[in-house]
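Participant: below are the sequence and a predicted model for it; my questions follow.
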Amino acid sequence: MTSVVISSLQYLLLQHHIFSFAGSQSNALRLCFGMQSKALFPYFQYNPLQIFYSGKTPTALYARQKWLQQDETNTWRNDFREAVNALFSRQRANGSWNNSFLHTIRKLFGLHLTVRHKDERILKGLEWLLSQKVFFEDRNLSRAQSKKVFARDLHSLPFYGGCFDHFAKGAVLFLAVIFGLENDSRVIHAYEILRNMGIKRKGRWCTWSCSNNILRAFIVHPAYSDSRVVRLYVAKLSEIQRSDGGWPGQIPFYHTVNALGHLDFAQSDAVLRRAFRRLRVNQNKDGTWGRMQKEWNTFLIVHAMTRKSYLL
């Protein structure tokens, strides 16, 4: 079904060009009808892929490769090469970028969207993160609530504003797992601490935004994505979900939809299906979602929909 959604998106993307070059409106309509039939379902009223078409951010490059199949074009290859060189540039000998925790997180996530597979430079960056006190220290996380990370500093990242310690542990675990370190003893130790904490708190680790950052780590680990604490979290989301598919304002909507798109059990699908209905009516006329960070919001939504097309 993923191919069905992508075909539908491609149909929408090409629609404008068909009307421009078909020669007549009748010819264009026939061509569009044929493409629409092949796509089976035009899920969106407006084209959500247009925003990525010539973008050079890691997010756009991922979309251009995976959803627009531009990876065989010289333009995409040049843009990709420039982006990867920029991401690796100024990495320090210790593996970090500028000895900055947040900057290193951002660079490694960009490399996840582009390079995808770890190499020696990526491993050095991960080792630097794993060695940071904020990650390996086993203190009570609730004591760190005075130090914050803000949503404005996390643009184009799958994390949200909240307590810095929760962000730090969630982000490092997420990156470690997606780059193949899911069985590292330091990683498992941190997961176990957070799993026990989440169960003790009945499905949440802190505020909703903080908990989103921990959930992001749990959904990518094969041994924890279907764990009791994740199911408790989803049950809480279901309890407070509004009839229109949304949640109270403290829950980051687009991040949550994307996270749910990684889960594979009945209740998460039911919650996500209700959220998808909200998205159908709240899409912007330019095909995006949200008022700010439109490219990132749209990426989160399309990514979830391609994974969960059977819910549409």
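Facilitator: Perfect, I can see it now. The model shown is predicted, which means the values in this text are computed figures rather than measured ones.
Participant: make it CA atoms for all contacts and neighbour counts henceforth
Facilitator: Noted.
Participant: neighbours around S227, how many?
Facilitator: If you count neighbours by other Cα atoms under 10 Å, S227 ends up with 14.
Participant: quick one: pLDDT of it?
Facilitator: On the pLDDT scale, S227 is placed at 96.
Participant: and F21, by the same measure?
Facilitator: In this model, F21 is scored at 53, pLDDT.
Participant: what's the answer for the one 5 residues further on, then?
Facilitator: What the model reports for S26 is a pLDDT of 45.
Participant: adjust the sequence numbering to begin at 380 for everything that follows.
Facilitator: Yes, from this point I'll number from 380; that puts the last item at S405.
Participant: could you export the helix or strand encompassing A638 as CSV, CA atoms only?
Facilitator: Using DSSP states H and E, A638 sits within helix 632-639. C-alpha atoms of helix 632-639 as CSV (Å, rounded to 0.1, in the frame of the first residue of the first chain):
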residue,chain,number,x,y,z
PHE,A,632,0.6,17.1,17.0
TYR,A,633,2.9,16.4,14.0
HIS,A,634,5.6,14.8,16.1
THR,A,635,3.0,12.5,17.7
VAL,A,636,1.5,11.5,14.4
ASN,A,637,4.9,10.6,13.0
ALA,A,638,5.8,8.6,16.2
LEU,A,639,2.5,6.6,16.0
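Participant: what about that helix, distance to the chain center?
Facilitator: On the basis of Cα atoms, centre = their mean, to the nearest Å, helix 632-639 sits 8 Å off its chain's mean C-alpha point.
Participant: what mean pLDDT does that helix have?
Facilitator: The average of the pLDDT scores along helix 632-639 is 96.
Participant: can you list the helices and strands that the helix or strand following it packs against?
Facilitator: Later in the chain than helix 632-639, the nearest helix or strand by DSSP H and E is helix 645-660. Counting contacts by 3 or more Cα pairs under 8 Å, 6 or more residues apart in numbering; DSSP states H and E, helix 645-660 packs against helix 607-619, helix 632-639.
Participant: can you mark which positions in helix 645-660 are buried?
Facilitator: For helix 645-660, burial by neighbour count (16 or more other Cα atoms under 10 Å) applies to Q646, S647, D648, V650, L651, R652, R653, A654, F655, L658.
Participant: which of the helices and strands packed on helix 645-660 sits closest to E516?
Facilitator: When the helices and strands packed on helix 645-660 are compared by Cα to Cα, helix 607-619 sits nearest E516, at 21.6 Å.
Participant: roughly how far is the closest one from the heart of the chain?
Facilitator: Using Cα atoms, centre = their mean, the offset of helix 607-619 from its chain centre is 19 Å.
Participant: and if you look at stretch 610-622?
Facilitator: Chain-centre distance of stretch 610-622: 20 Å, with Cα atoms, centre = their mean.
Participant: name the residues of it that are buried.
Facilitator: For stretch 610-622, a neighbour-count test (16+ other Cα under 10 Å) marks R610, L611, Y612, V613, A614, L616, S617, Q620 as buried.
Participant: and N592, how many neighbours?
Facilitator: Using other Cα under 10 Å, N592 is surrounded by 28 other residues.
Participant: sorry, wrong one. I was asking about K673.
Facilitator: The burial count for K673: 17, using other Cα under 10 Å.
Participant: just list the residues touching it, thanks.
Facilitator: Counting by Cα atoms under 8 Å, 6 or more residues apart in numbering, K673 makes contact with T667.
Participant: now swap in L560 and tell me
Facilitator: V566.
Participant: and it, how far from S606?
Facilitator: Distance of L560 to S606, given as Cα to Cα, to the nearest Å: 19 Å.
Participant: pretty sure D605 sits against L642.
Facilitator: Yes: between D605 and L642 there is a contact under Cα atoms under 8 Å: 7.4 Å.
Participant: neighbour count: the two, which is higher?
Facilitator: Comparing D605 with L642 by neighbour count (other Cα under 10 Å), the higher total belongs to L642, at 22 against 15.
Participant: mind listing what the more buried one touches?
Facilitator: Counting by Cα under 8 Å, 6+ apart, L642 has contacts I598, S604, D605, D648.
Participant: ok, the residue nearest to R652 when sequence neighbours are not counted - contacts?
Facilitator: Leaving aside its chain neighbours, R652 sits nearest to L690 (5.6 Å; criterion: Cα to Cα, 6 or more residues apart in numbering). By Cα under 8 Å, 6+ apart, the residues touching L690 are D648, L651, R652, F655.
Participant: K486 too?
Facilitator: K486 makes contact with L466, F467, W476, according to Cα under 8 Å, 6+ apart.
Participant: which residues does the last one contact?
Facilitator: To tie it back to what came earlier, the one meant is W476. R469, Q470, H482, T483, K486.
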